[in-house]
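Asker: coordinates only, sequence not included:
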Ligand code: COA
């Protein structure tokens, strides 16, 4: 038997109608709609509706009044714990016992509340009280209300940066956190359990934390003024340049294109250094691997754009979780409607039968 794939790489585990990364063409479509047509035209909460309900007019609801129990200021752990707690607070029903409509409602409430939790946790980390409801109510979009809750003010350039980032990273098929959400949903657990489990998966540096690793590279290049030398140095030590290359795309990552454009539009102070490093990295990677497409991925300009919105690197995994509430919700619902309990197989490779005295 030679069917073991470490990390399940390339194994098709689900069929989905939600998102399609177009590998060769370098585009990403949500329910068939190119994300280029969404950014700047519809706010994140409408894109949530497109992903979850296949309807741009069906928006993620506003968050309900709710006081998280005990925030620590560590956003991913606050988000995971508080989301799990909502299952009990709201007495959420088990997915195999509630209707699709009820599951959709639960996912909407949870998604909105999860953004609230991150905004409140970020305020806590900054050492300030989250803004009161009357201030937050002045915001027109989810991104604006998020910033108001967190900081008490919402610079329009920051709103645009965060809205664009959330839309571009709202969904990307079956990665570790989305798979986790579907596995938990497949057991019939409630939506809070599936969402909080997904947050746990995302909190690891290999999945949600890469933007934080891009900024130190930019700092270094700004200091030395020598992007070519910096890139050569990394590659000579067999290191990887963060923010380049992708498992799926063999063309420019479409999200990178949009994030870069938006970073330019909002006047990121890091743009000049980022472009110099990008140019040097692409040239050197191409020189060393002329037959293998290594292009700029989503993490590189995510880092630049979130930095332009004054989002500190340690908050980037939680910002990613805010984006992904849409994708996770859509997948949990799809799992409920079409899926089957996950029960993969293993192959035992341990010792054969032996006597107790051998231990
Ligand atoms: N920097 C330097 N070399 C890179 C590279 C990068 N960012 N990305 C790929 N390569 C090289 C590898 O060293 C490898 O060379 P080798 O065959 O001589 O060992 C070759 O390209 C293939 O690498 P592999 O990891 O098998 O390709 P992949 O297409 O599966 O890689 C990533 C995808 C994302 C794992 C990889 O590009 C990477 O590590 N990127 C940097 C981290 C990052 O930005 N992560 C966020 C992804 S959204």
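Answerer: Nice, I can see it. Quick caveat: nothing in here was measured; it's all calculated off a predicted structure.
Asker: Pick out the residue in the chain sitting closest to the ligand.
Answerer: residue 245 (2.0 Å; C-beta to the nearest ligand atom). Using the backbone N, CA and C atoms, a C-beta is placed for each residue, glycine as well.
Asker: How about the residues of the chain by the ligand?
Answerer: By C-beta under 6 Å from any ligand atom, the part of the chain that sits against the ligand consists of 210, 240-247, 289, 292, 294, 297-299.
Asker: Which of those fall in helices?
Answerer: Cross-referencing the residues of the chain next to the ligand against helices under DSSP state H gives 210, 298, 299.
Asker: neighbours around residue 6, how many?
Answerer: The number of residues packed near residue 6 is 5, by other C-beta atoms under 10 Å.
Asker: What does the pLDDT read for it?
Answerer: With respect to pLDDT, residue 6 scores 91.
Asker: circling back: got the ones in helices among the residues of the chain next to the ligand as JSON lines, with pLDDT and distance to residue 203 columns?
Answerer: Putting those into JSON lines (pLDDT from 0 to 100; distance: C-beta to C-beta, whole Å) gives the following:
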{"residue": "210", "pLDDT": "71", "distance to residue 203": "13"}
{"residue": "298", "pLDDT": "91", "distance to residue 203": "18"}
{"residue": "299", "pLDDT": "91", "distance to residue 203": "16"}
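Asker: what's the closest non-adjacent residue to residue 203?
Answerer: residue 76 (4.0 Å; C-beta to C-beta, 6 or more residues apart in numbering).
Asker: Give me the number of neighbouring residues for that neighbour.
Answerer: Residue 76 is flanked by 23 other residues according to other C-beta under 10 Å.
Asker: Residue ranges in the protein under the pLDDT threshold?
Answerer: 1-2, 209 (pLDDT under 70).
Asker: helices or strands next to the helix or strand containing residue 87 in the packing?
Answerer: If you go by DSSP states H and E, residue 87 is part of helix 75-89. Helix 75-89 sits against helix 100-125, helix 191-202, helix 316-338, with contacts defined as 3 or more C-beta pairs under 8 Å, 6 or more residues apart in numbering; DSSP states H and E.
Asker: Show me what the helix or strand just after the first one is in contact with.
Answerer: Scanning the chain past helix 100-125 towards its C-terminal end, the next helix or strand to appear is helix 133-136 (assignment: DSSP H and E). Helix 133-136 is touched from outside by 65, 145, 148, 149, 152, with contacts defined as C-beta atoms under 8 Å, 6 or more residues apart in numbering.
Asker: Taking the residues you listed, please make a PyMOL selection of just the buried ones.
Answerer: Buried residues among the contacts of helix 133-136 (16 or more other C-beta atoms under 10 Å), as a PyMOL selection:
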select buried, resi 145+148+149
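Asker: How many neighbouring residues does residue 187 have?
Answerer: Residues lying near residue 187 (other C-beta under 10 Å) number 14.
Asker: sorry, back to before: quick one: which of the ones in helices among the residues of the chain next to the ligand is most hemmed in?
Answerer: residue 299 (26 neighbours).
Asker: That one: what's it in contact with?
Answerer: The neighbourhood of residue 299, defined by C-beta under 8 Å, 6+ apart, consists of 210, 211, 213, 214, 242, 243.
Asker: how about residue 29, secondary structure?
Answerer: strand (DSSP: H, G, I helix; E, B strand; the rest coil).
Asker: now swap in residue 13 and tell me
Answerer: coil.
Asker: contacting residues for the nearest residue to it once chain neighbours are set aside?
Answerer: Leaving aside its sequence neighbours, residue 13 sits nearest to residue 174 (C-beta to C-beta, 6+ apart; 6.2 Å). With contact taken as C-beta under 8 Å, 6+ apart, residue 174 is in contact with 13, 14, 16, 182, 331.
Asker: And the buried ones among those residues, selectable in ChimeraX?
Answerer: A single ChimeraX command selects the buried members of the contacts of residue 174 (16+ other C-beta under 10 Å):
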select :14,16,182,331
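Asker: pretty sure residue 320 contacts residue 202?
Answerer: Yes. Between residue 320 and residue 202 there is a contact under C-beta atoms under 8 Å: 6.3 Å.
Asker: residues shared between the contacts of the two?
Answerer: Common neighbours of residue 320 and residue 202 are listed as residue 208 (criterion: C-beta under 8 Å, 6+ apart).
Asker: Is it correct that residue 94 is in contact with residue 190?
Answerer: Yes. In this structure, residue 94 is within contact of residue 190 by C-beta under 8 Å, at 5.6 Å.
Asker: These two: which is more packed in?
Answerer: Using other C-beta under 10 Å as the criterion, residue 94 and residue 190 rank with residue 190 on top: 27 against 14.
Asker: Now do the helix or strand hosting residue 215: everything it contacts.
Answerer: Assigned by DSSP H and E, residue 215 belongs to helix 210-224. Helix 210-224 is contacted from outside by 205, 227, 230, 241-243, 270, 273-274, 276-277, 299-300, 302-304, 306-307, 313-314, 316-317, 320, using C-beta under 8 Å, 6+ apart.
Asker: Separate out the buried members of these.
Answerer: Buried subset of those (neighbour count, 16+ other C-beta under 10 Å): 227, 230, 241-243, 270, 273-274, 276-277, 299-300, 302-304, 306-307, 313, 316-317, 320.
Asker: Let's see which of those residues end up in strands.
Answerer: Within those, no residue falls in strands by DSSP state E.
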